[in-house]
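*Asks:* Got a predicted model here, sequence first, then my questions.
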Amino acid sequence: MKKRVLIAGGGIAGVEAAIQLRRAGMPVTLISNRPSLFVYPLSIWVPTGERTIEDVSIDLKRLAERHGFDLVIDEVAEIQIKKKQLRLTTAGWTAYEYLIVGLGAGKRPVKGMEEHTLSICASPDQHDRIRERLVEIIETGSGRIAVGFGGNPDDPSAVRGGPAFELMFNIDHLLRKKGVRDRFELTFFAPMPSPGARMGPDALTALGKFFKRLNIRRHFGVKITEFKENGIAFEDGSFIESDLIIYIPGLAGHPILKKSDIPLNKAGFVQINHYCEVMHNFDDTLDAYNVFAIGDTAALDGPDWRAKQGHIAEAMAQAAVYNILAMERGSTHRRGYFEHLNIICLMDSGNGAALVFRSDRRAFFLPLPFIGHAVKRLWGFYYRNTKLKRIPRLPGM
Ligand SMILES: Cc1cc2nc3c(=O)[nH]c(=O)nc-3n(C[C@H](O)[C@H](O)[C@H](O)COP(=O)(O)OP(=O)(O)OC[C@H]3O[C@@H](n4cnc5c(N)ncnc54)[C@H](O)[C@@H]3O)c2cc1C
């Protein structure tokens, strides 16, 4: 009888793994603490009202029916890989034969962050809260809005700048559409000296020009010490006054992993090998615990500019599935994720986008006025409808 695969986390990574395993006829149970897959790359349009939470969510029950996997809505509270068990808040200890961990990432706290900032990398309700606050501020006729992101010195891949740029440009576009841009002060902040540098020199230069042209103030290269009700305090004594602070924290390991016996890197992400497999004492042998970690949960290996992205989460899911199937066949052939490490991003600005690409061999930034925005929306349509099996998937996507 085929072994059952338990997947912890119903995000981009977990859902892709479930779909691919079902295609191969494996029994799958997916555990998620949310009833839907929240498509973060499309969620940048929720705060500006271009999309709703429902538009950028896919019901997991429908996905489970379409692909034939079992769905459990519960919270994973702890994983014990030596005992091959995980603890669910409601159902208690649950045994598995194979486990794929795709729980996403946690966040690196900064003083005052929870009370005084909102984020587009957190639970979906925060997107709605940003939208409501934006409407309120716009109604008052003038104001100050600050958008920024942080990093994690323990792991260079644990940073999420792209969506912060996108949201800032979309807010700028919204204010211009309403004819009130000149009455709002927009500031972009980040503690690193050159935020966006990982996307390559062309992207960095282009972003600089964008900020200048749109008259968005920049505050870079100084550590954030505290978020306050009326703004952001920095280590050098500077202060940005703001009526709305949107902050994407540096990423950290998922909090439940600290209570688990799963090997973690310094920043708290799950240590895996090239095959997404959690290794026994980090020993690079192939007979480990039958545990795989994929997507934002996992510690990525590779060049300094590597970034946690949706397409990498999917490539890792596909590698993990391939390797589980190979193990089941008794084959020693394995598939890895390293060759998929590149940055691909359609950086949206509300009325266009730029295609950002970086790999070991090249990096470019291609502005796509008007059409870029439509292409990103089209990708959203493609993603939803291929996942729901309404249209066929294109090879390699
Ligand atoms: C605003 C935003 C915009 C982005 N834009 C892009 C982009 O344009 N292009 C790109 O490639 N990438 C983009 N990314 C990154 C991309 O979305 C992530 O890399 C991707 O979502 C990672 O998928 P994941 O499944 O690993 O994690 P997630 O998508 O975070 O999914 C994790 C899942 O696990 C569930 N979960 C968490 N804890 C538990 C628990 N204890 N028990 C049970 N379930 C749990 C969560 O509910 C969630 O469904 C963006 C990210 C954000 C936040």
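*Replies:* Yep, it's here. As the structure is a computational prediction, the values presented were derived from the model and not from experiment.

*Asks:* What does the closest residue in space to R108 that isn't next to it in sequence show for phi and psi?
*Replies:* Closest residue to R108 apart from its sequence neighbours, by CB to CB, 6 or more residues apart in numbering: G250 at 4.0 Å. All C-beta spots, glycine's among them, are computed from the backbone N, C-alpha and C. Here is the backbone geometry of G250 (degrees, to the nearest 10): phi -60, psi 150.

*Asks:* buried stuff in the strand or helix carrying Y382?
*Replies:* Following DSSP states H and E, one finds Y382 within helix 371-387. Across helix 371-387, burial judged by 16 or more other CB atoms under 10 Å covers G372, H373, V375, K376, R377, G380, Y383, R384, K387.

*Asks:* Now tabulate the residues you listed in JSON lines and tack on distance to the ligand and pLDDT.
*Replies:* Formatted as JSON lines, these follow (distance: CB to the nearest ligand atom, whole Å; pLDDT from 0 to 100):
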{"residue": "G372", "distance to the ligand": "12", "pLDDT": "95"}
{"residue": "H373", "distance to the ligand": "13", "pLDDT": "96"}
{"residue": "V375", "distance to the ligand": "12", "pLDDT": "96"}
{"residue": "K376", "distance to the ligand": "8", "pLDDT": "96"}
{"residue": "R377", "distance to the ligand": "12", "pLDDT": "96"}
{"residue": "G380", "distance to the ligand": "10", "pLDDT": "96"}
{"residue": "Y383", "distance to the ligand": "11", "pLDDT": "96"}
{"residue": "R384", "distance to the ligand": "14", "pLDDT": "96"}
{"residue": "K387", "distance to the ligand": "13", "pLDDT": "96"}
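
*Asks:* What is the nearest of the residues you listed to R23?
*Replies:* Distances from R23 to the buried residues of helix 371-387, taken as CB to CB, are shortest for K387 (12.6 Å).

*Asks:* In three-state terms, label G14 for me.
*Replies:* Under DSSP: H, G, I helix; E, B strand; the rest coil, G14 falls in the helix class.

*Asks:* From E185, how far out is the residue of the stretch 101-250 of the chain found nearest the ligand?
*Replies:* Per CB to the nearest ligand atom, G104 is where the stretch 101-250 of the chain lies closest to the ligand, at 2.6 Å. Distance of G104 to E185, given as CB to CB, to the nearest Å: 33 Å.

*Asks:* Then P201?
*Replies:* Distance of P201 to E185, computed by CB to CB: 29 Å.

*Asks:* the more surrounded of those two?
*Replies:* Counted by other CB atoms under 10 Å, P201 and E185 do not tie: E185 has more neighbours, with 17 against 12.

*Asks:* neighbours around E54, how many?
*Replies:* Neighbours of E54 under the rule other CB under 10 Å: 11.

*Asks:* And I216, its phi and psi?
*Replies:* Torsion angles, degrees, to the nearest 10, at I216: phi -100, psi 120.

*Asks:* The nearest residue to it once chain neighbours are set aside pairs with what?
*Replies:* Nearest residue to I216 in three dimensions, chain neighbours excluded: L186, at 4.7 Å (CB to CB, 6+ apart). Following DSSP bridges, L186 is listed with bridge partners I145.

*Asks:* Help me confirm that L186 comes into contact with L174.
*Replies:* No - assessed by CB atoms under 8 Å, L186 is found out of contact with L174, at 11.0 Å.

*Asks:* Around the ligand, which positions in the stretch 1-150 of the chain sit nearby?
*Replies:* Applying CB under 6 Å from any ligand atom, we find that the stretch 1-150 of the chain lies next to the ligand at 8-14, 31-34, 40-41, 43-44, 75-76, 102-104, 120-121.
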